[in-house]
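In: structure for this input, please:
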Amino acid sequence: MELFKHPIKARDLPSNKFTTGCKNLDALLNGGISCGLLTELSGESSSGKTQLCLQFLLTVQLPEREGGLNGKAIYICTQGDPPMRRLEQILNRRYPKSESISLDQILVQRSIRTEEDLSGCISRLKVLLSHQNSMQLNGKLNRQVRLIIIDSLADVFRDCETDDVQSESFRARSEILFTLSATLK
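Out: Predicted coordinates:
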């Protein structure tokens, strides 16, 4: 396919970005996390992926002048209870006096354990985002959802044991990712 012949360079990605909250990481990412794209964090267990995601839930709320998108976030948790206490600690330590950042601006979906749960969640997201867009048009919405985090998408598909199941799981994961990306465009 012509589309995948050459790697995409960071400087060619969309310019609408939000800060990670870390200047060095923002520099590596050419300004922060790009909007309008699926971004996957991968790494060893306990390497800080969830910690970064929690930080993003807060930085997306920052005003644009501070590197944020002045937006809300959705946090979809597939690994037991969401780490809300840790999120509150980050908020209180990094942004103790911020009036623009609040846990109230984060919608949390828990108990996503299976592909069916995730598909149902995505269906509800479609309705929510559609409703959000109509409210935006009517001037009744002050903040839009600008970030959706699934922590961890791999957990939903982790129970694969055979090559056939892995292949089917990969297909299902790809289908869910394409549905999610189409929903968010």
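
In: which residues touch Gln79?
Out: Residues in contact with Gln79 (Cβ atoms under 8 Å, 6 or more residues apart in numbering) are Asp151, Ser152, Asp155. (C-beta placed from N, C-alpha, C; glycine too.)

In: part of a strand, is Ala73?
Out: Yes. Per DSSP: H, G, I helix; E, B strand; the rest coil, Ala73 lies within a strand segment.

In: begin at 412 from now on, thanks
Out: Okay, using 412 as the starting number, the last item reads as Ala484.

In: what helix or strand is the residue nearest to the spatial centre of the chain located in?
Out: Geometric centre of the chain, nearest residue: Ile560, 2.5 Å, by Cα atoms, centre = their mean. Using DSSP states H and E, Ile560 maps to strand 556-562.

In: related to what we said a few turns ago, of all the contacts of Gln490, which comes closest to Ser458?
Out: Using Cβ to Cβ, Ser563 comes nearest to Ser458 of those, at 12.0 Å.

In: surely the closest one is in contact with Cys464?
Out: No. In terms of Cβ atoms under 8 Å, Ser563 does not count as a neighbour of Cys464; the distance is 9.1 Å.

In: alright, that wraps it up for me.
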